[in-house]
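K.L.:
Need a 3D model of the sequence below.
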Amino acid sequence: MNLSPGVIVQLFVSVCLLASCTQASAAPTSIAAPASTPKAKVGFSADPLPPIQPEWTARLTRSLSLIPSGYSPAIFLDVQAALANAGIQESLDLEVLGLLDTLQPGASASVDSAVVAFSRHRDGMIMVIQGSLDVDGLLAAAGGLGLVELGQEPEKHRDYDIQSVDVFDISLALASVDGSSLLIATGSPSVGATGPERIRTALDSFDGLVTRLLDDPETSRMVRELPPGMMAMVLGNCANLTVLFHSRTLQGCTRAVISSELAETGSGAINAIVGYENEAQASTAMELMGEQGFQLDGVTLENVAMVQERSLLRLKLPANADQVATAFETLRLP
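P.N.:
Numbering: from 1, shown residues only. As a prediction, the model looks like this:
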């Protein structure tokens, strides 16, 4: 497969679209429950909320440790869960992961997960690809395809080597973090931060030299307590949550984390933890949700599990594959 540098750049960027291309996923195996289980409000489903899974949480937080503060949304894809069986593979845009195989045959099978985080003004992004990758080999192959200039010495940033190139008005930078993590950043060569500038900030984030997304205590807590899913999203604001909730129920909402679970049959759920400025606003929002319902078609109070824990609302909304895809697509829009 012969790919031009511009196409390759766009394929890298397109990893973020996997969340909206997915139509089915294996249900994750849960092994641990949250520390506290508040009672559900009368009128809502009495079903328990999904338990957390420490191993999945560790993978999510590791990937997010490379994301600086101010990037939102940050989208996580559990690639291994997505590719667990043939039925799921048929529902994914495998041409995106095929890019890794173009650089290095068999590389996509070694991908564990990917995170894409957008800058505040959507003029750039940071991507983290985790797995048992030959990152140095991938970077060398990228040079052969024109992603970096052959013979060009990498930029040194402490102990890291950064490769970069400007392609079709896109400033692209790549770096190996620890031998199993490939870091990619894009920006504009002329406006805002460039790819190399963004990748330096991400590396500084990983080393704890600048404020990270997970340095916010409330965001960190919500991420740690999010039920597992093939896809997850960390939102720094609640503007796009109207795809799930009525706008009146979002007054005082400050942040949210979302995950999705889907079965091969197409049935599944959207798990959400929604944060408010204080406990009173969360309580009011819960009352309004009981009165106004939700934005997803076919969702009734009786099949929504929801509890309040101080300033947080924890919910499980039943959703089919199309609803999950639409929700994640809308949530990532500016």
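K.L.:
which secondary element of the chain has the worst mean pLDDT?
P.N.:
Using mean pLDDT, DSSP states H and E, the weakest-scoring helix or strand in the chain turns out to be helix 18-21, at a mean of 34.
K.L.:
counting contacts, what elements does whichever helix or strand comes after that helix pack onto?
P.N.:
Next helix or strand after helix 18-21 toward the C-terminus (DSSP states H and E): helix 54-64. Counting contacts by 3 or more Cβ pairs under 8 Å, 6 or more residues apart in numbering; DSSP states H and E, helix 54-64 packs against strand 74-78, strand 111-118, strand 125-131, helix 217-224. C-betas here are computed from N, CA, C, even on glycine.
K.L.:
Now the first one: average pLDDT?
P.N.:
In this case it means strand 74-78. Averaged over strand 74-78, pLDDT sits at 90.
K.L.:
Keeping just the C-alphas, turn whichever helix or strand comes after it into CSV.
P.N.:
Going down the chain from strand 74-78, the next helix or strand is helix 79-82, by DSSP H and E. Output of helix 79-82 as CSV, limited to C-alpha atoms (Å, rounded to 0.1, in the frame of the first residue of the first chain):
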residue,chain,number,x,y,z
VAL,A,79,-7.9,-1.7,21.1
GLN,A,80,-7.5,-5.2,22.5
ALA,A,81,-11.2,-5.4,23.5
ALA,A,82,-12.2,-4.0,20.2
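K.L.:
For helix 79-82, what is the distance to the chain centroid?
P.N.:
Here helix 79-82 is found 13 Å from its chain centre; the criterion is Cα atoms, centre = their mean, to the nearest Å.
K.L.:
buried set for that helix?
P.N.:
Of the residues in helix 79-82, 79-82 count as buried by neighbour count, 16 or more other Cβ atoms under 10 Å.
K.L.:
Then stretch 234-241?
P.N.:
Buried-residue list, stretch 234-241, by 16+ other Cβ under 10 Å: 234-236, 238, 240-241.
K.L.:
number of nearby residues for residue 251?
P.N.:
Neighbour count of residue 251, defined by other Cβ atoms under 10 Å: 13.
K.L.:
List the residues that contact it.
P.N.:
281, 284-285 (Cβ atoms under 8 Å, 6 or more residues apart in numbering).
K.L.:
Residue 183 falls within a strand, correct?
P.N.:
Yes: under DSSP: H, G, I helix; E, B strand; the rest coil, residue 183 falls within a strand.
K.L.:
that older thread, so which of the helices and strands packed on helix 54-64 has the densest surroundings on average?
P.N.:
Burial among the helices and strands packed on helix 54-64, expressed as mean neighbours by mean count of other Cβ atoms under 10 Å, is greatest for strand 74-78, which shows a mean of 26.
K.L.:
which strands and helices sit next to it?
P.N.:
helix 18-21, helix 54-64, strand 111-118, strand 231-235.
K.L.:
and the angle from that strand to helix 217-224?
P.N.:
Relative orientation of strand 74-78 versus helix 217-224 (axes from the mean of the first three to the mean of the last three Cα atoms, to 10 degrees): 20 degrees.
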